[in-house]
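A.B. asks: Based on what follows, work out the 3D shape:
(2 chains)
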Amino acid sequence: GQNIDQPTEMTATEGAIVQINCTYQTSGFNGLFWYQQHAGEAPTFLSYNVLDGLEEKGRFSSFLSRSKGYSYLLLKELQMKDSASYLCAVRALSGGYNKLIFGAGTRLAVHP
Amino acid sequence: GAVVSQHPSRVICKSGTSVKIECRSLDFQATTMFWYRQFPKQSLMLMATSNEGSKATYEQGVEKDKFLINHASLTLSTLTVTSAHPEDSSFYICSANIQGGSYEQYFGPGTRLTVT
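C.D. replies: This next block holds a predicted model:
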């Protein structure tokens, strides 16, 4: 079966660094995405990892270890606007299609 | 960049009626579109994969006769919720892959359906 786990909620202070972890057990693994979603809006793309290692993009970095079924999203220099849900999604090949399977999301609250 | 639109953005309907939601890729052709449903404070659940010119592939537990999907062209997919009930009230989001493109899925802005 397909299973993706991430913490339900996290809090952090403005200016700090926060790491959101994601573990997965899927068949047909073909990459891992991180999305940001504000309430009532569609997800917006943050990062994509298909090979092991760290991908850095500005204040956001994402890490993947395929052997461990593990990824994390690192947010630096937190801003109030970073308060949102962060969705870990695994791209899996199934039935001839690449599908995205989402975790339940981590609601991050950034406070002053 | 690739843009996906959805229409309507919000809809309120009475129980027992049908509602159609449109998903369009505005500046690219999409051979595959995906339909998701999201309940409050929950994540996106894939409902079905829609392919132009062929029948949609539904996820386990999604009733194909209740959620009709039509992918009539490379830029348009529609989801019709038939005989809607209050429990169908949800946020419906579509996404699309660029034909011959890379890995990224481009998401529409979502449609908030409320069934009274």
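
A.B. asks: which secondary element of chain B has the worst mean pLDDT?
C.D. replies: Each helix and strand of chain B was given a mean pLDDT (mean pLDDT, DSSP states H and E); the minimum falls on strand B:105-107 at a mean of 88.

A.B. asks: Any chance you could list what contacts that one?
C.D. replies: A:42-44, A:100, B:1-4, B:25, B:34, B:93-98 (CB atoms under 8 Å, 6 or more residues apart in numbering or on different chains). For the C-beta atoms, the positions are set from N, CA and C on the backbone; glycine is no exception.

A.B. asks: switch the cut-off to 6 Å
C.D. replies: A:42-43, B:2, B:4, B:93, B:95-97 (CB atoms under 6 Å, 6 or more residues apart in numbering or on different chains).

A.B. asks: Likewise for stretch A:70-77?
C.D. replies: A:17-23, A:32, A:34, A:59-64, A:82, A:86.

A.B. asks: Can you list which of those residues are found in strands?
C.D. replies: A:18-23, A:32, A:34, A:60-64, A:86 (DSSP state E).

A.B. asks: A:L78 contacts A:A16, correct?
C.D. replies: Yes. Counting by CB atoms under 6 Å, A:L78 touches A:A16, with 5.3 Å between them.

A.B. asks: Between the two, tell me which one has more neighbours.
C.D. replies: A:L78 (19 against 11; other CB atoms under 10 Å in any protein chain shown).

A.B. asks: where exactly do the strands run in the chain?
C.D. replies: All of this is about chain A. Counting by DSSP E, the strands of chain A are A:3-5, A:9-13, A:18-25, A:29-37, A:44-49, A:53-57, A:60-65, A:70-75, A:84-94, A:97-102, A:106-111.

A.B. asks: that's the wrong chain, I meant chain B
C.D. replies: Using DSSP E, strands in chain B cover B:4-7, B:10-13, B:19-25, B:32-38, B:45-51, B:57-58, B:67-73, B:76-81, B:90-97, B:105-107, B:111-115.
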